[in-house]
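>>> Need coordinates for the following:
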Amino acid sequence: EVQLVESGGGLVQAGGSLRLSCAASGFTFDDYAIGWFRQAPGKGREGVSCISSSDGSTYYADSVKGRFTISSDNAKNTVYLQMNDLKPEDTAVYYCAANTASCLSPQYDYWGQGTQVTVSS
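Residues are numbered from 1 along each chain as shown. Next up, the predicted model:
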């Protein structure tokens, strides 16, 4: 059974940091691209960052460049999203997702259940 489990969300003040984790199981981690998405109340889903597990290529939305860092520990089948200098507009439910193609693919095959990130001003 394929599973993606996010953790690490919480409440933090503006300017603070959080590290999200996405633990994957049930598929060959090295063959997938893992993306982080977020959805704020009343808004559509937004792609935040992505990493290709095969070659380590990374991508970031302009809104998080320079503040967020995505990384992968293939031995642990886990992808991390280090979020620094958090802003109230980063408040959202954060999801990780996996696809067999690449970070440039719009189609993701598997999704986690999400973790809430709330940034207070």
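>>> doesn't Ile70 fall inside a strand?
Yes: counting by DSSP: H, G, I helix; E, B strand; the rest coil, one finds Ile70 located in a strand.
>>> And it, what's its pLDDT?
Model confidence at Ile70, given as pLDDT, is 97.
>>> didn't Asn99 look like it was pressed against Trp111?
No: using CB atoms under 8 Å, Asn99 is not in contact with Trp111, being 10.2 Å away. In short, each C-beta sits where N, CA and C put it, glycine included.
>>> Do you have the strands of the protein handy? List them.
Using DSSP state E, the strands of the chain run over residues 3-7, 10-13, 18-25, 33-39, 45-52, 58-60, 68-73, 78-83, 92-99, 110-111, 115-120.
>>> would you turn the ones you listed into a markdown table with mean neighbour count?
What follows is the strands of the chain, written out as a markdown table (neighbours: other CB atoms under 10 Å):
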| stretch | mean neighbour count |
| --- | --- |
| strand 3-7 | 17 |
| strand 10-13 | 13 |
| strand 18-25 | 19 |
| strand 33-39 | 23 |
| strand 45-52 | 20 |
| strand 58-60 | 16 |
| strand 68-73 | 18 |
| strand 78-83 | 22 |
| strand 92-99 | 22 |
| strand 110-111 | 16 |
| strand 115-120 | 17 |
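>>> which residues does the most centrally placed residue in the chain bridge with?
The centre of the chain sits closest to Trp36, judged by CA atoms, centre = their mean, with a distance of 2.5 Å. With DSSP bridges applied, Trp36 shows beta-bridge pairing to Ser49, Cys96.
>>> wait, isn't it in contact with Met83?
No: look at Trp36 against Met83 with CB under 8 Å: they stay out of range, at 9.5 Å.
>>> what residues do those two have in common as contacts?
In terms of CB atoms under 8 Å, 6 or more residues apart in numbering, Trp36 and Met83 are both contacted by the residues Leu20.
>>> Quick check: chain neighbours aside, which residue is closest to Ile70?
For Ile70, ignoring the flanking residues on the chain, the nearest one in space by CB to CB, 6 or more residues apart in numbering is Ser49 at 4.3 Å.
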